[in-house]
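Trainee: Sequence first, then the predicted structure:
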Amino acid sequence: MGARIRGLMVLVVVLLTGAVLGTAGAQWLTAEPDGAGARSSPIQTGATSERIRVEVLNGGGQSGLARETTGYLRDRGFDVVEVGNWKTFDEDSTFVLARTGDVEVAYRVAGALGVSRVAERPDPNLFVDVSVVLGRDWSLERLSAGDQPETEVPWWDLRQYLKRPGAPSPGARLADPDPGEGSS
């Protein structure tokens, strides 16, 4: 009986090792080319492989908007190095400023955000390539709704087999319960 248990344990270890190695290997083999996936590779500037340095500035006055947009840009491979407020909060529309004179870099950021206004305002005192000024028209929901790709769960992802009945699907947003519920 001892040999049977050892054989079963060896089989379990081999299967678990294969599952872990298969999962890790499949992630590299199924990578989406040219930023088609949720995360993209660093954006190339010229012949070097440095990231595009971006500052995100709130010009519309809505609290937390620059912070949310920062996460969105970082998920797409941009290096957001500064987050803050614009000179005023009375900007009606969002625009992108090229700070190093390389307008192509500004157009890449504008394209990722779906913004059409791009201007060239070089500033050697800033340590950024691009400034994004968010206006009153800016809403991250307009991008997030159409930007979320339908993700098919691969056969080797074990989480699909471990779902509990009634559990939220992967990627679902959970809301905080109403503090008034059940309180006396």
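Mentor: Here it is on my side, so go on.

Trainee: Kindly provide the whole-number mean pLDDT of whichever strand or helix holds Val13.
Mentor: If you go by DSSP states H and E, Val13 is part of helix 2-29. The average pLDDT for helix 2-29 rounds to 82.

Trainee: what mean pLDDT does stretch 106-118 have?
Mentor: 92.

Trainee: before we move on, what about stretch 51-64?
Mentor: What stretch 51-64 shows for mean pLDDT is 91.

Trainee: For it, measure first residue to last.
Mentor: Chord length of stretch 51-64, first to last residue, is 24 Å (C-alpha to C-alpha, to the nearest Å).

Trainee: Next, the buried residues of that stretch.
Mentor: Buried residues in stretch 51-64, counted by 16 or more other C-beta atoms under 10 Å: 51-60. For the C-beta atoms, the positions are set from N, CA and C on the backbone; glycine is no exception.

Trainee: Touching it from outside, list them.
Mentor: Contact partners of stretch 51-64, identified using C-beta atoms under 8 Å, 6 or more residues apart in numbering, comprise 42-43, 45, 65-66, 69-70, 73, 77-91, 94, 105, 108-109, 126-138.

Trainee: buried subset of those?
Mentor: Neighbour-count burial (16+ other C-beta under 10 Å) applied to the contacts of stretch 51-64 gives 43, 45, 65-66, 69-70, 73, 77-78, 80, 86, 91, 94, 105, 108-109, 126, 128-136, 138.
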